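Trainee: Build me a model:
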Amino acid sequence: MAPGYDLGAFDCGQDTYNGWLTNGAEAAVKAGTAGVYLLLEEATAHPPRVVGYYAICPTGVVRDELPNSATKSMPNPVPGFLLAKMALDRSLQGNKEAKWGTQLLVAALRRIVEAANVSGGRVIVVDADDEGLLSFYSSHSFLPAEGHPLRLYMKVATARTLIARYDAG
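Mentor: Numbering: from 1, shown residues only. Presented below is the predicted three-dimensional model:
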């Protein structure tokens, strides 16, 4: 995350996410608990306007939370990555042509796959904050975790496949 952006102008429609960007993101980066990445609109604004963001951090997943088919030969806990936060400005939400939400998710998955290629990690976890987000993540190959209705996971190998499919058009 780079200084000099007007984070307070970001509005995804949820105060929790808006507030985390302005009050928690920088602290998370400084503490080394998460990497925070910004989607910028560079058209005419100076500095560029923040229109989306995501945060990633390392995590371990208790193997029992994953379906048996996903846990073969995995250690316990399973090393992975948490897509801790992801939000899109209201001005880009619902754009069926550009699919900004999908683009932001794919950017996050790319970053996670790059990190996994260097450091390891087998799963990606996301906590949907409400049931309305379940269909978005499910439509992008995330599967529900055992016993946690709003927690979803994806194998890093699945993310590689999803990215390749996205790049192929």
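Trainee: could you pull out the strands for this protein?
Mentor: 35-41, 49-61, 78-88, 123-127, 143-145, 148-155 (DSSP state E).
Trainee: Could you check the pLDDT of residue 71?
Mentor: pLDDT, residue 71: 61.
Trainee: Oops, could you answer that again for residue 2 instead?
Mentor: At residue 2, the model reports a pLDDT of 56.
Trainee: go on, the one 4 residues further on?
Mentor: On the pLDDT scale, residue 6 is placed at 82.
Trainee: what residues are up against it?
Mentor: Residues near residue 6 by CB atoms under 8 Å, 6 or more residues apart in numbering: 47, 49, 50. Every residue, glycine included, has its C-beta placed from N, CA and C.
Trainee: Next, format the strands of the chain as TSV and append distance to residue 110 and mean neighbour count.
Mentor: Converted to TSV, those look like this (distance: least, CB to CB, whole Å; neighbours: other CB atoms under 10 Å):
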stretch	distance to residue 110	mean neighbour count
strand 35-41	10	18
strand 49-61	11	21
strand 78-88	12	22
strand 123-127	12	23
strand 143-145	20	18
strand 148-155	13	18
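Trainee: now those in TSV, with mean pLDDT and distance to residue 103?
Mentor: Output for the strands of the chain, formatted as TSV (pLDDT from 0 to 100; distance: least, CB to CB, whole Å):
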stretch	mean pLDDT	distance to residue 103
strand 35-41	93	8
strand 49-61	93	9
strand 78-88	94	9
strand 123-127	94	16
strand 143-145	89	22
strand 148-155	90	17
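Trainee: Select the longest helix from this protein.
Mentor: helix 100-119 (DSSP state H).
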